[in-house]
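Peer 1: Give the three-dimensional model of this entry:
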Amino acid sequence: MKLSRITAAALICASISTAHAAPDYDTTVRLNNIAADNSSVIVDFGSNKPVQFNSRTYVQARSFANAAGLIVGWDQENLTAFIKVMADADSDKPIERYAAEQFELLADRAPGTPSNITISLMLDNAQALLRYNYDIGGGNVAGLGKTIELDGAATTLEYGVMVVPLRSLAESLGMGVYWDQDTMTADLWLNDTAAVPDGLEPIDKWIPDNTYNTGLNPPNYIPDGVHEIGEYLGSFRVTRYCPCNICNEGWGPYTAWAGGIIPGQTVAINLRSGIPKLAWLYIDGFGWRRAEDTGGGVAANQIDLAVSNHYEATHGGVDYHDVWLAK
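Peer 2: Residues are numbered from 1 along each chain as shown. All right, here's what the predicted structure looks like:
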């Protein structure tokens with residue numbers, strides 16, 4: 001930018017007509033032994049509280065994923081959220097150990113080395129794509145997967161934040177859900193025994209069948225092989241911006257070094273910070289981001305997160321987060 005940048009990375013889409021009103025009540029979502037052993041964590045959704053549509057609870061995908069120890073990304077072109085869980089039998093995260101157990105059940109069909117599980121949720125689509133991903137060498141990935149039915153379509157609130165049906169999202173990732181209507185509380189936990197759905201087949205696509213783009217390549221903002229943290233860079237002031245003329249002046253939706261802005265991936269930096277152009281960064285609380293942009297309003301100790309609309313840009317707040325380079 002160009003001007004001072006402000007915003008908060010979230011799974012959102014500004015130009016959606018099917019928006020719902022914001023909630024007027026509180027719903028609690030509690031994660032039990034999912035991101036950490038012997039833990040009971042209430043998800044902090046900030047101002048983007050869960051909502052009820054047709055007797056179903058919807059939650060902001062990014063806040064839920066971050067609290068559950070998952071990786072999340074957003075494909076603006078296809079209006080699709082991607083949620084990923086790494087598979088690691090030695091992880092300190094129960095959900096990553098559970099994913100490794102799921103891959104063990106598919107050992108006789110494995111086309112390569114187990115890597116991660118992704119679920120792709122497209123806006124206004126009640127289907128999602130569940131995919132078990134394998135590293136087959138040379139930077140290539142093969143998958144076993146299937147289309148699954150959700151108990152509701154992903155949608156947006158009136159201010160552009162994307163929300164997804166909690167129960168079907170959680171169950172697709174191996175979680176059980178108990179709903180207490182009296183306290184408006186959803187308790188989630190990992191099932192005792194790992195299971196995989198029937199009907200998994202070799203699959204090349206990465207998004208559900210849709211009217212946008214059925215041949216999308218793997219999104220580079222959920223990078224396979226870029227999940228190992230390297231050098232610690234320090235604590236940075238984190239702000240947010242969007243591609244509008246207010247935030248990004250004459251540059252519009254374009255970055256300084258990498259083409260179009262990708263909300264959930266792109267960050268703007270000041271080169272005096274020592275961060276190289278196009279470097280992958282791990283930002284505590286936000287996950288993996290890439291240094292694709294810069295601007296006169298970005299200070300040396302500042303990282304500016306790209307988001308999709310101006311509401312998030314002006315309501316995301318400003319705080320400090322630890323930052324690492326990828327190895």
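Peer 1: Could you give the separation of the biggest helix by length in the chain from the chain centroid?
Peer 2: Ordering each helix of the chain by length in residues (DSSP state H) puts helix 94-105 first. Centre-to-centre, helix 94-105 and its host chain are 20 Å apart (C-alpha atoms, centre = their mean, to the nearest Å).
Peer 1: Phi and psi next, for the residue nearest the centre of the chain.
Peer 2: Ranked by distance to the mean C-alpha position of the chain (C-alpha atoms, centre = their mean), the top residue is residue 72 at 1.5 Å. Dihedral angles of residue 72 (phi, psi; degrees, to the nearest 10) stand at phi -130, psi 150.
Peer 1: Not counting its neighbours along the chain, what's nearest it?
Peer 2: residue 65 (4.1 Å; C-beta to C-beta, 6 or more residues apart in numbering). All C-beta spots, glycine's among them, are computed from the backbone N, C-alpha and C.
Peer 1: Residues touching the helix or strand hosting the one you found, excluding its own?
Peer 2: Residue 65 belongs to helix 61-68 when assigned by DSSP states H and E. When contacts are defined by C-beta atoms under 8 Å, 6 or more residues apart in numbering, helix 61-68 is touched by residues 9-11, 29, 31, 34-35, 41, 43-46, 48, 70-72, 81, 83, 95, 121, 154, 162-164, 166, 169, 173, 264, 285-287.
Peer 1: max-length strand in the chain?
Peer 2: strand 229-241 (DSSP state E).
Peer 1: The longest helix of the chain packs against which elements?
Peer 2: strand 80-86, strand 113-122, strand 185-190 (3 or more C-beta pairs under 8 Å, 6 or more residues apart in numbering; DSSP states H and E).
Peer 1: Pipe these into a markdown table and attach distance to residue 237 and mean pLDDT per row.
Peer 2: Converted to a markdown table, the helices and strands packed on helix 94-105 look like this (distance: least, C-beta to C-beta, whole Å; pLDDT from 0 to 100):
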| stretch | distance to residue 237 | mean pLDDT |
| --- | --- | --- |
| strand 80-86 | 27 | 89 |
| strand 113-122 | 31 | 92 |
| strand 185-190 | 33 | 96 |
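Peer 1: Residue 242: which of those strands is closest?
Peer 2: Shortest distance between residue 242 and the helices and strands packed on helix 94-105, using C-beta to C-beta, is found for strand 80-86: 17.3 Å.
Peer 1: ok, the closest one: who's next to it in the sheet?
Peer 2: strand 71-75 (antiparallel), strand 113-122 (antiparallel) (DSSP bridges).
Peer 1: now the angle from that strand to helix 94-105?
Peer 2: 80 degrees (axes from the mean of the first three to the mean of the last three C-alpha atoms, to 10 degrees).
Peer 1: Point out where the stretch 1-150 of the chain drops to low pLDDT.
Peer 2: 1-25, 76-77 (pLDDT under 70).
Peer 1: that older thread, after the longest strand of the chain, which helix or strand is next? Please name it.
Peer 2: Following strand 229-241 toward the C-terminus (DSSP H and E): helix 245-248.
Peer 1: Return the alpha-carbon coordinates of that next one using PDB.
Peer 2: The C-alpha coordinates for helix 245-248 follow below in PDB (Å, rounded to 0.1, in the frame of the first residue of the first chain):
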ATOM      1  CA  ASN A 245      -9.200   2.200  -3.000                       C
ATOM      2  CA  ILE A 246      -9.200   3.500   0.600                       C
ATOM      3  CA  CYS A 247      -6.800   0.800   1.800                       C
ATOM      4  CA  ASN A 248      -4.800   0.300  -1.300                       C
END
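Peer 1: what's in contact with the longest helix of the chain?
Peer 2: 33-37, 68-70, 85-91, 110, 114, 116-117, 132, 173-174, 190-191, 194-196.
Peer 1: Please repeat the previous calculation with a cut-off of 7 Å.
Peer 2: 33-35, 37, 68-69, 85-89, 91, 114, 117, 132, 174, 190, 194, 196 (C-beta atoms under 7 Å, 6 or more residues apart in numbering).
Peer 1: How about stretch 132-139?
Peer 2: 103, 106, 110-118, 141-145, 200.
Peer 1: Distance across that stretch, terminal residue to terminal residue?
Peer 2: 16 Å (C-alpha to C-alpha, to the nearest Å).
Peer 1: Quick check: buried residues in it?
Peer 2: Buried residues in stretch 132-139, counted by 16 or more other C-beta atoms under 10 Å: 132, 133, 134, 135.
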